[in-house]
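give me the fold of what follows.
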Amino acid sequence: MALVIAGERSGVGKTTVTLTLLASLRRRDRLVQSFKVGPDYIDPMFHQHVTGRACRNLDPVLTSEVYVQQCFAYHSQLSEYALVEGVMGLFDGIGHGEWGMGHGDKGDKGTRGQGDKENNHAQCSMPYAQSPTDFASTAHIARLLDLPVVLAIDCSRLSGSVAAIAHGYRSFDPRIKIAGVVLNRVGSDRHLSLLKDSLEPLQLPILGVMRRQDNITIPDRHLGLVPTAELPELNALIDRLADLGDTCFDWQRLLPLLKSEPLSGFASSSLSASFPVRIAVARDRAFNFYYQDNLDLLQQLGAELVFWSPLEDAGIPKDIQGMYFGGGFPEVFAQQLAENSSVRHAVKTVILKGMPTIAECGGLMYLCEQIIDFEGKSWSMAGVLPTSAVMGGRLTLGYRRAIALQDNLLVKANTTVYGHEFHRSHLTLTPTQPLFETSRYDCDENMGCEGWGLPANIYASYVHLHWGESREIPQQFLQECLKVASSKTWI
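Okay, the predicted model is just below:
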């Protein structure tokens, strides 16, 4: 057993409710494993900061339904309690309708080993009259894992209507077990009394009451919450959340729901290949968007990961055979990145010598000649790619189906992969020989060609990939690192 925290829509305080639960559990010295529905990078950072354990993403678009079950089963059994934070509203998915993360086509086979996704979706037919639009939603994950749901409701602008909301969510899909509600942003004792009176006929447990909190806010910016590494007062905030959690939840009812129990039939598969290479992984305030499963796969395949900072370090790590630049916020730290010229020049030198290098989104921007920030200021970057990244107001956001147009560092030509884009920058020059032809996940609407694969030892793309069901991707990357390791001295 474990528990899913869902919202009736976006912005109701799911993350605050989740962090409050996690903080209070950790104060009680409970070992808790957290999960996040969808492709989010930043919320999992907050989970990990509180629990001390890497949060795992549960995303059947980027991986598969089976992988979601395997991932949850394996990691939850290693802890005393398990908690899943949902995404958007409980039933907001991508089937035949659009939401912020894209669309949902189930017809192609990629490299993920999951078979026909259309068949997978058919096995999850909906009992209600509407077309199934909740693939990859919080409800979908709750059904896959057979977990009860706690519904967080923003009560700041309602009283008696709370009963209609709760009743609608509880009855919409009878396969979803609503274990209770958390009433968030309650204004006063009188307000709470009205809410309780309205909910009483439903006999739906109120598992938590969170009053309006003026002293608990997490700052955000153009891509969501500000990451944990940039918040010096975060520990004090977590302490306030723990104080709140100690008193606002019905722990007698919640703890049994949160208790983690082993699931049978979903053993984690092992990897047998061994690639004894050292990979430099850029991880600091500018580069911190990594799926923990990707890093784990590299280590399971035999790689040694060397974490370093393009912001702070005087040079790149010694004796490495590959580099990995994840996404993040290089535009926020563009001046500091530019001023660390010794690192920029070293990165360019080893890449031009043939160092296998993965650069996703923010990493791609770092390999450009320049980053032009929101104020129009230009900052020099590594200069590997003959283009500049320009920040703008337009948000590019959504799941992508990408077909490789050529053999490249990670995949062979004609391979289909599934990824996710999330950025506010664009490039001044597109590649003459792009990596991928991309389309929306749910249809054949072409989203253009994308990605840099020249020189041939780089993979630079705006599309974030999760390798959980595409283990040949890290294998191919490490194989290329191993090929050149014996023939060249990099540094």
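
checking my notes, Q335 in a helix, right?
Yes - using DSSP: H, G, I helix; E, B strand; the rest coil, the assignment for Q335 is a helix.

so what's it up against?
Contact partners of Q335, counting by Cβ atoms under 8 Å, 6 or more residues apart in numbering, are W379. (C-beta placed from N, C-alpha, C; glycine too.)

try I458
351, 356-359, 367, 384, 409, 452.

try 7 Å this time
In this structure, I458 makes contact with 351, 357, 359, 384, 409, 452, judged by Cβ atoms under 7 Å, 6 or more residues apart in numbering.

can you put the residues you listed in TSV and add secondary structure, neighbour count and distance to V181?
Converted to TSV, the contacts of I458 look like this (DSSP: H, G, I helix; E, B strand; the rest coil; neighbours: other Cβ atoms under 10 Å; distance: Cβ to Cβ, whole Å):
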residue	secondary structure	neighbour count	distance to V181
I351	helix	22	53
T357	strand	27	48
A359	strand	29	44
V384	coil	24	52
L409	coil	21	48
W452	strand	25	48
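
and those, which is closest to G327?
Here the nearest of the contacts of I458 to G327, counting by Cβ to Cβ, is A359; it sits at 9.3 Å.

leaving out chain neighbours, which residue sits closest to Q336?
With sequence-adjacent residues excluded and distances taken as Cβ to Cβ, 6 or more residues apart in numbering, Q336 is closest to L311, at 5.3 Å.

confirm the one you found sits in a strand?
No - counting by three-state DSSP, L311 is located in no strand; its state is coil.

distance of it from S378?
Using Cβ to Cβ, to the nearest Å, L311 is found at 19 Å from S378.

next, the buried residues of stretch 195-211.
195, 198-199, 202, 204, 206-211 (16 or more other Cβ atoms under 10 Å).

if we can go back for a sec, more neighbours, L311 and S378?
Ranked by neighbour count (other Cβ atoms under 10 Å), L311 and S378 place L311 first, with 17 against 14.

and of the contacts of I458, the nearest to S159?
Among the contacts of I458, A359 lies closest to S159 (Cβ to Cβ), at 51.4 Å.

how about the closest one, what does it touch?
When contacts are counted by Cβ under 7 Å, 6+ apart, A359 touches 325, 366-367, 458-460.

among those residues, which are located in helices?
Under the assignment DSSP state H, these contribute 366-367 to helices.

make JSON lines out of the contacts of A359 and add pLDDT.
Shown next, in JSON lines, are the contacts of A359 (pLDDT from 0 to 100):
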{"residue": "F325", "pLDDT": "98"}
{"residue": "Y366", "pLDDT": "98"}
{"residue": "L367", "pLDDT": "98"}
{"residue": "I458", "pLDDT": "97"}
{"residue": "Y459", "pLDDT": "98"}
{"residue": "A460", "pLDDT": "98"}
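
how about the buried residues of stretch 195-211, which pair is most distant?
Within those, L202 and R211 form the most distant pair, 22.0 Å apart (Cβ to Cβ).

what does the strand or helix carrying A152 contact?
For A152, the host element (DSSP states H and E) is strand 149-154. Strand 149-154 is contacted by residues 3-8, 12-14, 17, 90, 142, 162, 165-166, 169, 176-185, 207 when judged by Cβ under 7 Å, 6+ apart.

and if we set it to 6 Å?
Contacts to strand 149-154, defined as Cβ atoms under 6 Å, 6 or more residues apart in numbering, come from residues 3-8, 12-14, 17, 142, 169, 176, 178-185, 207.

centre of the chain to the helix or strand that it is followed by, how far?
Downstream of strand 149-154, the next assigned helix or strand under DSSP H and E is helix 162-172. Mean C-alpha position of helix 162-172 versus that of the full chain (Cα atoms, centre = their mean, to the nearest Å) differs by 29 Å.

do stretch 446-463 as well
Chain-centre distance of stretch 446-463: 21 Å, with Cα atoms, centre = their mean.

what residues of it count as buried?
For stretch 446-463, the neighbour count (16+ other Cβ under 10 Å) marks 447, 449-454, 457-463 as buried.

likewise stretch 336-350?
336-338, 340, 343-344, 346-347, 350.

ok, stretch 275-292 next?
Buried residues in stretch 275-292, counted by 16+ other Cβ under 10 Å: 275, 277-291.

and what of stretch 400-409?
By neighbour count with 16+ other Cβ under 10 Å, stretch 400-409 contains the buried residues 400-406, 408-409.

redo those residues as CSV? Include secondary structure and distance to R190.
Output for those, formatted as CSV (DSSP: H, G, I helix; E, B strand; the rest coil; distance: Cβ to Cβ, whole Å):
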residue, secondary structure, distance to R190
R400, strand, 49
R401, strand, 52
A402, strand, 54
I403, strand, 59
A404, strand, 61
L405, coil, 63
Q406, coil, 66
N408, coil, 63
L409, coil, 62
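
from those residues, pick the one nearest Y418.
Distance to Y418 across the buried residues of stretch 400-409 (Cβ to Cβ) is lowest for R401, with 5.9 Å.

what sits against the closest one?
By Cβ under 6 Å, 6+ apart, the contact list for R401 reads 418, 439, 441.

emit the PyMOL select command for whichever of the residues you listed are buried.
Filtering those down to the buried ones (16+ other Cβ under 10 Å) takes a single PyMOL command:
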select buried, resi 418+439+441
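
just the ones of the contacts of R401 in helices?
When DSSP H is applied, the contacts of R401 are split such that none fall in helices.

which ones among the contacts of R401 are found in strands?
418, 439 (DSSP state E).

what would the contacts of R401 look like in JSON lines with pLDDT?
Converted to JSON lines, those look like this (pLDDT from 0 to 100):
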{"residue": "Y418", "pLDDT": "95"}
{"residue": "S439", "pLDDT": "90"}
{"residue": "Y441", "pLDDT": "82"}
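
what's the closest of the contacts of R401 to D220?
Relative to D220, the closest of the contacts of R401 is Y441; by Cβ to Cβ it sits at 25.8 Å.

what's the closest non-adjacent residue to that closest one?
Counting by Cβ to Cβ, 6+ apart, Y441 lies nearest to Y399, which is 3.7 Å off, once chain neighbours are set aside.

endpoint to endpoint, stretch 461-473 covers what distance?
End-to-end span of stretch 461-473 (Cα to Cα, to the nearest Å): 14 Å.

in this structure, which helix or strand is least confident?
helix 117-122 (a mean of 36; mean pLDDT, DSSP states H and E).

how about the strands of the stretch 251-400 of the chain, start to end?
278-282, 287-289, 304-308, 322-325, 327-328, 357-360, 368-372, 378-380, 385-404 (DSSP state E, counting those that start in this stretch).

name the spans of this protein whose pLDDT lies under the cut-off.
Within the chain, the segments meeting pLDDT under 70 span 95-132, 262-272, 488-491.
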